[in-house]
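Q: sequence first, predicted coordinates after that:
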Amino acid sequence: MRYSSLLLGLSLLAGTARGQTAPADSVTTTVTSKRDKPSFIPIPVLFSQPETGLGFGIALLPVWRFGTDTLTRKSNARFINWYTQKKQILFQHTHSVFTPGEKYLLTGEASYYYDFPINYYGFGPRTRREDESGIKYKLLILNERVLKKVVPNLFVGGQYRLTNIRDIEVTRNIDDTRPSLLLQRDARERQNTLVSGIGPALLYDGRDNVLSAYHGNYLELSALFNGGALGSDYRFSRYLVDARHYQPLGSEKTIFASQLIGQFHTGDVPFRELANLGGDKIMRGYYEGRYRDRQLLALQAEVRRYLFWRINGVLFGSVGQIGDTFADFDQGGVKAIGGAGIRLKFNRRDRLNIRFDYGVGRDGSKGFYFSFGEAF
């Protein structure tokens, strides 16, 4: 999710007080209790981040378990609607569902961005702040993955992804004497564009908790093939590698978490589908899309420490690079960030945290982020 800063305090206190007195991760019962039932109480949110400015909205964050076997991990979903001072409007639903016995894992997203203005800096590892221009568009994203368990923790299956971008408009340029760099790309990238693709996915998920892991490993290998047979206006392929590791440092009060992520493209990739560094997930501190290109590789790590009551502290750092090819990774200098954050345990039993992060980039970029759940 692409937003950040303050949650309305009164709502937080009301939400956190709601039936959260049980031990955090008890799995001693084999009968689903009332505490496993999802809550659909709306949560008002107020936030600010580099990509949006000040914004406000409402969220639903149900967490539940299918079946009566508590060895089946809990499913979760998020329903978000917000509006920002930059006149960005977002409707978003995401879900991660384990069916009874974890026979299937279903993950997906449905998002609609209405008149969504962003900053555009061009592409490549050497983009400059003075090349910043503003663009806006309407964007629909539909993404669904269906995976079947083959052995415990290992799932294989397929995925489908559709993005439909419309009404692209260059709204401004930081230097009015030069045109936006978007105008230098193929003219059809500023036209209404449909991208549609399918592909295989393999997922190993040995985490003890999918919302905030204390220990375990996670590995995702997937591919998307976009082409005319699926109605796509562009023909290209995307390959993703996402490897994560979690372990306690002495006790579960201190957790070390790391992630290696790579995104690689072949073919004719429109600007909106390029890999990019920045935002509240990868390289916090850089504006989302500050650096974008066909290939991406990033490594990030966190130390998460329990402080008191429902409060945890986090120190994090990331290094990464993008380029048209791997040979371009030595251009423009490696991108690096460091930062710190606070976690408020909104749902202590299920480890659903509210995340506040502040990151600073190697080039002086900085950002303050708010989100639900961990970055990885």
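A: Good, I have the coordinates.

Q: name the residues that touch the helix or strand where Leu202 lies?
A: Leu202 is part of strand 193-205, with elements assigned from DSSP states H and E. The contact list for strand 193-205 (CB atoms under 8 Å, 6 or more residues apart in numbering) reads 105, 145, 147, 153-166, 216-227, 230-234, 238, 270, 272-273. In short, each C-beta sits where N, CA and C put it, glycine included.

Q: low-confidence ranges, the protein, go.
A: Scanning the chain for pLDDT under 70 picks out 1-36, 172-177.

Q: mind listing the helices for it?
A: Taking DSSP state H, the helices of the chain run over residues 9-16.

Q: list the contacts of Glu144.
A: Glu144 touches 106-108, 159-160, counting by CB under 8 Å, 6+ apart.

Q: which strand residues bridge it?
A: Legend: beta-bridge partners of Glu144 under DSSP bridges are Gly108, Tyr160.

Q: and what of Leu203?
A: If you apply DSSP bridges, the partners that Leu203 bridges to are Phe155, Glu220.

Q: distance check, it against Phe155.
A: Leu203 sits 5 Å away from Phe155, going by CB to CB, to the nearest Å.

Q: where do the contact lists of these two overlap?
A: In contact with both Leu203 and Phe155: 105, 147, using CB under 8 Å, 6+ apart.

Q: with neighbour numbers in mind, choose between these two.
A: Phe155 (23 against 20; other CB atoms under 10 Å).

Q: hang on, the earlier thing: which of the contacts of strand 193-205 are buried?
A: 105, 145, 147, 153, 155, 157, 159-165, 216, 218-220, 222-227, 230, 232-234, 238, 270, 272-273 (16 or more other CB atoms under 10 Å).

Q: mind listing which of those are in strands?
A: Here DSSP state E is the test, and the buried ones among the contacts of strand 193-205 give 105, 145, 147, 155, 157, 159-165, 216, 218-220, 222-226, 238 as lying in strands.

Q: quick one on the thing from earlier: and the strand holding Leu202, what's buried?
A: By neighbour count, with 16+ other CB under 10 Å as the criterion, the buried positions of strand 193-205 are 193-199, 201, 203-205.

Q: most widely separated two among the residues you listed?
A: Largest separation among the buried residues of strand 193-205 by CB to CB: Thr193 and Tyr204, giving 33.8 Å.

Q: please verify my assumption that Gly158 contacts Val146.
A: Yes. With contact defined as CB atoms under 8 Å, Gly158 counts as touching Val146 (6.4 Å).

Q: the nearest residue to Val269 once chain neighbours are set aside: neighbour count?
A: In space, and not counting its chain neighbours, Val269 is closest to Phe236: 4.7 Å by CB to CB, 6 or more residues apart in numbering. For Phe236, the neighbour count with other CB under 10 Å is 20.

Q: okay, and the beta partners of Phe236?
A: According to DSSP bridges, beta-bridge pairing links Phe236 with Asn226, Gly267.

Q: show me the contacts for it.
A: Contacts of Phe236 (CB under 8 Å, 6+ apart): 226, 265-269, 273.

Q: filter those residues to the buried ones?
A: Buried residues within these, counting neighbours by 16+ other CB under 10 Å: 226, 265, 269, 273.

Q: grab the nearest non-local neighbour of Ile342.
A: The shortest distance from Ile342 to any residue other than its chain neighbours is 4.6 Å, reached at Phe356 (CB to CB, 6+ apart).

Q: send the alpha carbons of stretch 233-241 over as PDB?
A: This file holds the C-alpha atoms of stretch 233-241, laid out as PDB (Å, rounded to 0.1, in the frame of the first residue of the first chain):
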ATOM      1  CA  ASP A 233      -1.200  -4.000 -25.900                       C
ATOM      2  CA  TYR A 234       2.400  -4.800 -24.900                       C
ATOM      3  CA  ARG A 235       4.300  -8.100 -25.200                       C
ATOM      4  CA  PHE A 236       6.800  -8.600 -22.400                       C
ATOM      5  CA  SER A 237       7.800 -11.000 -19.600                       C
ATOM      6  CA  ARG A 238       8.400 -10.400 -15.900                       C
ATOM      7  CA  TYR A 239      10.300 -12.600 -13.600                       C
ATOM      8  CA  LEU A 240      10.300 -12.200  -9.800                       C
ATOM      9  CA  VAL A 241      12.500 -13.600  -7.000                       C
END
